[in-house]
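Asks: With the sequence up front, the predicted model follows.
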There are 2 protein chains.
Amino acid sequence: MAQKPSIPKGTRDFSPIEMARRNYIFDTIKKAFRLFGYKQIETPAMENLSTLMGKYGEEGDKLLFKILNSGDFLKGVSDEEIQEKNLPRLTNKLCEKGLRYDLTVPFARFVVQHRNELQLPFKRYQIQPVWRADRPQKGRYREFYQCDADVVGSESLNNEIELLSLIDEVFANLGINVTVKLNNRKILSGIAETIGEADRIVDITVAIDKIDKIGLENVNAELREKGLSEEAIKALEPLLTLSGCNEEKLEALSTLLAGSEIGKKGIEELKAVLDGINTLGHRCGVELDVSLARGLNYYTGTIIEVKARDVEIGSITGGGRYDNLTGVFGMPGLSGVGISFGADRIYDVMNQLDLYPESVNSSVDILFTNFGEKEALASMKYIKALHEAGISAELYPDTAKMKKQLGFADAENIPYVAMVGDSELAEGVIQFKDMKGGTQEKLTIEEIIKRLS
Amino acid sequence: MAQKPSIPKGTRDFSPIEMARRNYIFDTIKKAFRLFGYKQIETPAMENLSTLMGKYGEEGDKLLFKILNSGDFLKGVSDEEIQEKNLPRLTNKLCEKGLRYDLTVPFARFVVQHRNELQLPFKRYQIQPVWRADRPQKGRYREFYQCDADVVGSESLNNEIELLSLIDEVFANLGINVTVKLNNRKILSGIAETIGEADRIVDITVAIDKIDKIGLENVNAELREKGLSEEAIKALEPLLTLSGCNEEKLEALSTLLAGSEIGKKGIEELKAVLDGINTLGHRCGVELDVSLARGLNYYTGTIIEVKARDVEIGSITGGGRYDNLTGVFGMPGLSGVGISFGADRIYDVMNQLDLYPESVNSSVDILFTNFGEKEALASMKYIKALHEAGISAELYPDTAKMKKQLGFADAENIPYVAMVGDSELAEGVIQFKDMKGGTQEKLTIEEIIKRLS
């Protein structure tokens, strides 16, 4: 016998029950995307490497899965090039295409490529797998889904308010308690400017981003190590220890960043977004957090992060505003704002808290057992009537022992079983068994349809 | 400015309108799959090459997209091996993984790998893209979707009857007029046996499969070329020119194949399937066609093919019974039957005949125009109420000229526009514009919700 087959490490098969649960999550997110007017696009799994390379840093380039050129892949590769064994250069010769690494770069490429067909502002959503040659570990896969929604071509903060409402809608519908954290890159710039270290913004934000994990003392130690002056570190402290509600924090920031133009702009933007949220009402609540940085070199305005309150798992959704998504593809000046739902982490949270409705666990509403050819055909007619009423129904295809057929219904979590034997056929009725309640009664097909509709 | 970016040849981006249309097709197929009790699975895009190689013939091996190993892909490759330039051998060294080529082999691998977790009979559906390094041409892509439904672990012909009902359901719901052709591999074996050329079954079926295209004379010429005796060719003729309804054809076959055990078995199976269909009723009608062969070396019983009547495009769905899906992975004796909907061809047919409902063409039900900050915030409150009623609604995010905003609604095919200016705000009403009818009236939000629900 051949060896039991397997799949590449870091990838997953999804069984019917896993798919039902994942679909529940994706459908909830999709429904919200559509409700808010986001339109779906899809891009190919394979992109030209020229599109992907250099967009994710040196480390990202290494994590791209590259596709060996079809046909004679050694054509055009000289013996010297092979001997040299310069891997990046050789990769370039052997491979023209790679698998998409995220949905953001393909989206930017899409916008530029189709600019003449698009209406701006363009609100798109995209739910597709991405691939990364990362070392697989718990919760980190080489193939996983991203669910992104972005608006490009509008600088209005109304988009931020809308995205925060969308986040609220999704997590309220999924039943996950979340904390939504909000910041603005301009606040971070204002802080760096105010403490007299404007050019050290990256070091500063990388350090303060860790304050939740390592505490103020260790953040200060790291900043010292990076060469920040004691004066700057001291000036930073009140900014990192802001307390109270959002209004109180904004008040304090207004005073502390009064000397920074960019800082004041950040405060103004935050205020407008929070005002909008407060007017509309937000079930999960939005918390201003000036230590929130997330992909700093990418975001230019609003920064958003969502964490589950009841499970320790890191951020389950994140996003923000960027001012130059498409510049790298030759279309500068297009502002955008977007969020990305971490489907796989949301899936882990939902599983851990068992937040799925009961209906997700059963595949079909009713199973007809099979007593023989004649009875099966009669059952199929009943099944057809059920289908016409929109009720999912199936026949056990084989004439197996009743114990086996009922065991199948049980194992598959099918809520109802219908039995049509000789005498039922004569009477024109169906034995209708409630697998959970254990009750059994004789019903007509019309009565069953009524019961299950 | 950088060069306009592009995507690999043979791949496609899907715009919002294209996605809406594709989703309409996929959702219709999925709904039918679920109604009939098929359960969804997904498998990774990447499979080990050991799983894929040798399953699609020598040509298929060449058409697999292979993934360059991560890290030092030259590790373990000797200089001699490189110098030798034996491409298949070198590919084996450079690549461990490939992209899935169809959904059947991954399904077989899935069944064997998860055999202990599965209930048999196992009815699965799977809708995912596949990749082939084929030469791209009109209607042939390097990335395309397959939509497969299979039952494994049951030899009952009830499964065939069910799949034919499922086909009927899908095409009736899509509104495509189709012809469903039915045959049985055992009939083909019986024919070869009856004309005394049992070992030439492949040559015979390859030739007769073309009878629709090239006609009887040319089929006979081809058979002559392949070395079939004049006697055999003459004996074959009445089998190829069967006419009348299915019952008449079966009658004629019963006589013609009376001397072949396997032929008689095939007739019996076809009869049972057609009896089932006739009892249940079948809107599109099923036509017995003994020249239907389709992937002969794979199917062992029933063979199914669906063609669109109103568009010249080849088969849009096909399938059949196979007796040894999982044998190659060390699990012999598992019979299955399945069908595959050709989503991309169905998409072409739907586009050509314009069979989509009008609702597919609009992205959002209602757009609120934007007159300024205060009005926008009030509009967002209305939008929230619409969302709560399940009505999709969005705000034009920027305070642009009204002509531009209405032009946007028009270009996006948005059916209704709501306008909330200063006076509407004072009155507590909304200007509600029907973009198609051209009418405009003052309504309250409650009235709009009622109108659009």
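Replies: Received, thanks.
Asks: quick one, phi psi at the one residue in the stretch 201-350 of chain A that gets nearest to chain B?
Replies: Nearest residue of the stretch 201-350 of chain A to chain B, counting by C-beta to the nearest C-beta: A:Gly330, 3.6 Å away. All C-beta atoms are positioned from the backbone trio N, CA, C, and that covers glycine. Here is the backbone geometry of A:Gly330 (degrees, to the nearest 10): phi 90, psi 20.
Asks: count of residues packed around A:Val178?
Replies: 23 (other C-beta atoms under 10 Å in any protein chain shown).
Asks: What ranges does the stretch 251-400 of chain A have for its helices?
Replies: Ranges of helices within the stretch 251-400 of chain A are A:261-280, A:343-353, A:373-388, based on DSSP state H, counting those that start in this stretch.
Asks: What is the distance between the first one and the centre of its chain?
Replies: Read it as helix A:261-280. 26 Å (C-alpha atoms, centre = their mean, to the nearest Å).
Asks: Briefly note if that helix comes near chain B.
Replies: Yes - counting by C-beta under 8 Å from any C-beta of the partner chain, chain B is contacted by helix A:261-280 at A:Gly276, A:Thr279, A:Leu280.
Asks: Now the helix or strand bottoming out on mean pLDDT in chain A: buried residues?
Replies: When the helices and strands of chain A are scored by mean pLDDT, DSSP states H and E, helix A:79-84 comes last with a mean of 83. Residues A:Glu81, A:Ile82 are the ones in helix A:79-84 that count as buried (16 or more other C-beta atoms under 10 Å in any protein chain shown).
Asks: helices or strands next to it in the packing?
Replies: helix A:87-94, helix B:79-84 (3 or more C-beta pairs under 8 Å, 6 or more residues apart in numbering or on different chains; DSSP states H and E).
Asks: need the helices of the stretch 251-400 of chain A in TSV with mean neighbour count and mean pLDDT, can you?
Replies: Listed next are the helices of the stretch 251-400 of chain A as TSV, based on neighbours: other C-beta atoms under 10 Å in any protein chain shown; pLDDT from 0 to 100:
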stretch	mean neighbour count	mean pLDDT
helix A:261-280	19	96
helix A:343-353	19	95
helix A:373-388	19	96
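Asks: and of those helices, who's closest to B:Asp134?
Replies: helix A:343-353 (31.3 Å; C-beta to C-beta).
Asks: What are the contacting residues of the closest one?
Replies: Here helix A:343-353 makes contact (C-beta atoms under 8 Å, 6 or more residues apart in numbering or on different chains) with A:21-22, A:24-26, A:29, A:127, A:139, A:141, A:144-147, A:174, A:176, A:308, A:310-311, A:313-317, A:355-356.
Asks: Let's see the ChimeraX selection covering just the buried ones among those residues.
Replies: A single ChimeraX command is used to select the members of the contacts of helix A:343-353 judged buried by 16+ other C-beta under 10 Å:
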select /A:21,22,24,25,26,29,127,141,144,145,146,147,174,176,308,311,315,316,317,355,356
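Asks: need the strands for the stretch 301-450 of chain A, in chain order.
Replies: Secondary structure of the stretch 301-450 of chain A (DSSP state E, counting those that start in this stretch): strands at A:302-308, A:315-322, A:336-341, A:366-368, A:393-395, A:416-419, A:430-434, A:440-443.
Asks: Could you dump those into a markdown table and include distance to A:Leu239 and mean pLDDT?
Replies: A markdown table is the format used below for these (distance: least, C-beta to C-beta, whole Å; pLDDT from 0 to 100):
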| stretch | distance to A:Leu239 | mean pLDDT |
| --- | --- | --- |
| strand A:302-308 | 16 | 96 |
| strand A:315-322 | 20 | 95 |
| strand A:336-341 | 25 | 96 |
| strand A:366-368 | 62 | 98 |
| strand A:393-395 | 63 | 98 |
| strand A:416-419 | 62 | 98 |
| strand A:430-434 | 62 | 98 |
| strand A:440-443 | 70 | 97 |
